[in-house]
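Novice: Task: produce atomic coordinates for the following.
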Amino acid sequence: MPPLPSVPNVIKIITSSTRSDAPVENIFHMSWSGSTPNSGGLASFLTDVWAPAWDTVIIAEGSTDAVTVGHEAIDLTSPTGASGSITDTASGTRTGDFAPSSAAVLASWEINRRYRGGHPRSYLPFGTAGTYEASSARLWDTSFIADVQTKMNTFLAAVQGHDIGGTEYSNLVNVSYYDKVITPLAPFRRVTPVVDTITSVIVRQRICSQRRRLGKVGG
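Specialist: So this is what the prediction gives:
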């Protein structure tokens, strides 16, 4: 499989966590302008901006078994773009029975472009068995979701618009690499990826699942 095409003026951010014994990764993208980011600048952005914003959410909304491991930022402008990484140790404070490792809070990222197949989304490792809606096995509690919504609104605002070393870290974005209409043959990749600015976030009430966090049966 050939590598993904370059995405000028975009960094990829990988936030790694654990939930009990299950690894969790959340991937985000952010646009930049100005000076080309270097390793030190990316690490500074993660340390000064990204990690504090993320930690505020996971500490408030994660169970005590949800622990952040670290963050990595990679400049996608070229195959030789800089990368930077930091460690992190923020852990959730919600107590009570743990939810399954596969249970996730769905954050839908809103963009101005409509397309078939849904919308950009993140499956967040938040919540406990105690934050389920009463008498429900498929919904999160409304007050819990309202609190996550407030925290995610704050997170979105907090990570955008920062100048570090002449690099302006501008907006969270979505990167679309695939289009089966324009490129009908596998692997369906666009020649030029489409980048859309994220305008807002909507936190959904339904309990969503990331089965990969459970690992393979018998594995």
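
Novice: What residues of the longest helix anywhere in the chain count as buried?
Specialist: For the chain, the longest helix by residue count, based on DSSP state H, is helix 142-158. Residues of helix 142-158 classed as buried: F144, I145, D147, V148, Q149, K151, M152, F155, L156, A158 (neighbour count, 16 or more other Cβ atoms under 10 Å). (Each C-beta comes from the backbone N, C-alpha and C, glycine too.)

Novice: Tell me who's in contact with the last one.
Specialist: Think A158. V49, P52, A53, T56 (Cβ atoms under 8 Å, 6 or more residues apart in numbering).

Novice: same thing with the fifth one?
Specialist: The neighbourhood of Q149, defined by Cβ under 8 Å, 6+ apart, consists of V201, I202, V203.

Novice: elements contacting the lowest-mean-pLDDT helix or strand in the chain?
Specialist: In the chain, the helix or strand scored least confidently by mean pLDDT, DSSP states H and E is strand 189-197, which has a mean of 85. Strand 189-197 sits against strand 22-34, strand 167-178, with contacts defined as 3 or more Cβ pairs under 8 Å, 6 or more residues apart in numbering; DSSP states H and E.

Novice: For T18, grab the count of nearby residues.
Specialist: Using other Cβ atoms under 10 Å, T18 has 17 neighbouring residues.

Novice: Surely it is in contact with S63?
Specialist: No - the pair T18 / S63 is not scored as a contact, 11.5 Å apart, by Cβ atoms under 8 Å.

Novice: buried sites along the helix or strand following the least confident helix or strand of the chain?
Specialist: Beyond strand 189-197 on the C-terminal side, the first helix or strand identified by DSSP states H and E is strand 200-209. Across strand 200-209, burial judged by 16+ other Cβ under 10 Å covers V201, V203, R204, Q205, I207, C208.

Novice: what does stretch 129-138 contact?
Specialist: Here stretch 129-138 makes contact (Cβ under 8 Å, 6+ apart) with 94-99, 139-142, 144, 205-207.

Novice: Would you quantify the distance from the residue of the chain positioned farthest from its centre to S122?
Specialist: Within the chain, the residue lying farthest from the chain centre (Cα atoms, centre = their mean) is S135, at 29.8 Å. Separation of S135 from S122 (Cβ to Cβ, to the nearest Å): 28 Å.

Novice: Ok, T89 next?
Specialist: Counting by Cβ to Cβ - T89 and S122 are separated by 21 Å.

Novice: Looking at those two, which is more packed in?
Specialist: The neighbour comparison of T89 against S122 (other Cβ under 10 Å) goes to S122, with 17 against 10.

Novice: Please point out which parts of the helix or strand where that one lies sit buried.
Specialist: S122 is located in strand 121-124, with elements delineated by DSSP H and E. Within strand 121-124, the residues that count as buried by 16+ other Cβ under 10 Å are R121, S122, Y123, L124.

Novice: Quick check: the two most widely separated of these?
Specialist: Within the buried residues of strand 121-124, two members stand farthest from each other by Cβ to Cβ: R121 and L124, at 9.7 Å.

Novice: Need the residues touching each of those two.
Specialist: Common neighbours of R121 and L124 (Cβ under 8 Å, 6+ apart) are L106, A107.
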